[in-house]
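Trainee: Sequence and computational prediction follow.
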Amino acid sequence: MTEDRPGGPGEAHHLGVDIGGTKVALRVEAGTRRVAETVFPWQPRPGADRDLAQLAEHVGELRDRLGVPFRAVGLAVPATVGPDGRITAWPSRPEWTGTDLGAALRTLFPEAAVAWADDGDLGALAEAEAADCADLLYVGVGTGVGGGLVLGGELCPGTGRGSFEIGHTVVELDGPRCVCGRHGCLQAIASGPATLRHAARLRGSDVTFDALRQGWCDGRPWAVDALRRTARALAAAAVSVQELVHPRLLLIGGGFANGMPGLDGLVSARLAELARPGQPPLEVGPATLGPLSSLRGAVALARLTRP
């Protein structure tokens, strides 16, 4: 637990909760100042009811420490949540499938307005705030490919209307099979594992993350070609978004991308090649919040949520 000076008695406190497959992070802010932040690991697959009980225990401890109610709560959730508030899929914790998330959260936070969104969407919301950009596309490249879109300072398509699944846009019709069942999804080509598999094919032997990074820094052809393929796929997805809704800035983050210096430059170069007359290339840069983006986005969502 890290803790700063609590807000005054009349100051609104907002709670952000980043629910992951292996751990949960909580952050409380008063205004834009951090009041408390803590992380705890999930117990080994006990089931949704016990997971919720564990979450309630840690939230209760946080309430007791601060001695103030939460005005609103925002949650970053990696699961697919249906329009009725029930979880329809969560690959890393399938025991939650069918759980009425809305009802569970209303029980857990009876005093507060509660909203939830996909973790990639909330990463985009936080990165947009940090970059002071109201129209921003964020792509996170890690074990999968996720991201989000902010237009006019608000999430698109918006909470309760589905998530921005850029990882499952098709960028190569005859491309490799994705875990979703389709062929040629961005995630099947540009995720960390997909890039490593392609690098291994080019090299003729297994490639670890560290080996790819070193090979890229040393200019090894197999490493450069593998990352160029990934950059081409990312650019193809981004330029399609640009043609439809015109974000001003593309930020690239995620654990894999953060470890490959200059990947954003490769994407930028490919976007320049794809630009058409009258349509300037999309500006590209690295995301800045790292693993904190979803948690910071959850707090931002709480601040936007009205009782």
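Mentor: Received, thanks. Numbering: from 1, shown residues only.
Trainee: only C-alpha atoms for contact and neighbour calcs from this point on.
Mentor: Fine.
Trainee: quick one: Val171 and Ala236 touch, right?
Mentor: Yes: assessed by C-alpha atoms under 8 Å, Val171 is found in contact with Ala236 at 6.3 Å.
Trainee: what about the spatially closest residue to Asp121 that is not a sequence neighbour, is that helix, strand or coil?
Mentor: Distances taken as C-alpha to C-alpha, 6 or more residues apart in numbering put Gly148 closest to Asp121, at 4.0 Å, once the chain neighbours are dropped. Under the three-state scheme (DSSP: H, G, I helix; E, B strand; the rest coil), Gly148 adopts strand.
Trainee: Name all residues that make contact with Gly148.
Mentor: By C-alpha atoms under 8 Å, 6 or more residues apart in numbering, the contact set of Gly148 is 120-125, 137-139, 155-156, 163-166.
Trainee: Hmm, which of those is lowest in pLDDT?
Mentor: Lowest pLDDT among the contacts of Gly148: Ser163, with 81.
Trainee: wait, that residue sits on Ala117?
Mentor: Yes: counting by C-alpha under 8 Å, Ser163 touches Ala117, with 7.3 Å between them.
Trainee: Between those two, point out the one with more neighbours.
Mentor: Ala117 (26 against 23; other C-alpha atoms under 10 Å).
Trainee: Quick check: beta-bridge partners of the more buried one?
Mentor: Ala117 has these beta-bridge partners by DSSP bridges: Ala76.
Trainee: circling back to that earlier point, and the residue nearest to Asp121, how far from Leu155?
Mentor: Separation of Gly148 from Leu155 (C-alpha to C-alpha, to the nearest Å): 8 Å.
Trainee: Could you do Gly142 as well?
Mentor: Gly142 is 22 Å from Leu155, by C-alpha to C-alpha.
Trainee: now Glu111
Mentor: Taking C-alpha to C-alpha, one finds Glu111 at 25 Å from Leu155.
Trainee: Other residues contacting stretch 276-287?
Mentor: 127, 138, 239, 242, 247-253, 258, 264-265, 267-268, 271-272, 274-275.
Trainee: Could you give the separation of it from the chain centroid?
Mentor: 22 Å (C-alpha atoms, centre = their mean, to the nearest Å).
Trainee: Could you pull out the buried residues of it?
Mentor: 281-287 (16 or more other C-alpha atoms under 10 Å).
Trainee: All the strands of the stretch 201-307 of the chain, residue numbers only.
Mentor: Using DSSP state E, counting those that start in this stretch, the strands found in the stretch 201-307 of the chain span residues 249-253, 283-286.
Trainee: Direction included, what does the first one pair up with?
Mentor: This points to strand 249-253. strand 136-141 (parallel), strand 283-286 (parallel).
Trainee: can you list the ones you listed in a markdown table and add distance to Ser293?
Mentor: Output for those, formatted as a markdown table (distance: least, C-alpha to C-alpha, whole Å):
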| stretch | distance to Ser293 |
| --- | --- |
| strand 136-141 | 10 |
| strand 283-286 | 13 |
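Trainee: Figure out which of the ones you listed is closest to Ala30.
Mentor: Closest of the strands paired with strand 249-253 to Ala30 is strand 136-141, at 25.5 Å (criterion: C-alpha to C-alpha).
Trainee: Pull that closest one out as PDB, backbone CA atoms only.
Mentor: Provided in PDB are the C-alpha atoms of strand 136-141 (Å, rounded to 0.1, in the frame of the first residue of the first chain):
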ATOM      1  CA  LEU A 136      -6.600   9.600 -29.500                       C
ATOM      2  CA  LEU A 137      -6.100   6.000 -30.600                       C
ATOM      3  CA  TYR A 138      -4.300   3.800 -28.200                       C
ATOM      4  CA  VAL A 139      -2.900   0.300 -29.100                       C
ATOM      5  CA  GLY A 140      -1.400  -2.000 -26.500                       C
ATOM      6  CA  VAL A 141       0.800  -4.700 -27.800                       C
END
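Trainee: Can you give me the buried ones in that strand?
Mentor: Residues 136-141 are the ones in strand 136-141 that count as buried (16+ other C-alpha under 10 Å).
Trainee: can you tell me which of these lies nearest to Val17?
Mentor: Gly140 (18.9 Å).
Trainee: Just the helices from the stretch 101-250 of the chain, written as ranges.
Mentor: 101-108, 119-131, 186-190, 192-203, 209-217, 221-245 (DSSP state H, counting those that start in this stretch).
Trainee: what about the stretch 101-250 of the chain, any weak spots by pLDDT?
Mentor: Along the stretch 101-250 of the chain, the model assigns pLDDT under 70 to residues 159-161.
Trainee: spatially speaking, which residue is in the middle of the chain?
Mentor: Nearest residue to the geometric centre of the chain (C-alpha atoms, centre = their mean): Gly120, 2.4 Å.
Trainee: Please report the distance of that one from Pro69.
Mentor: With distances taken as C-alpha to C-alpha, Gly120 is found 27 Å from Pro69.
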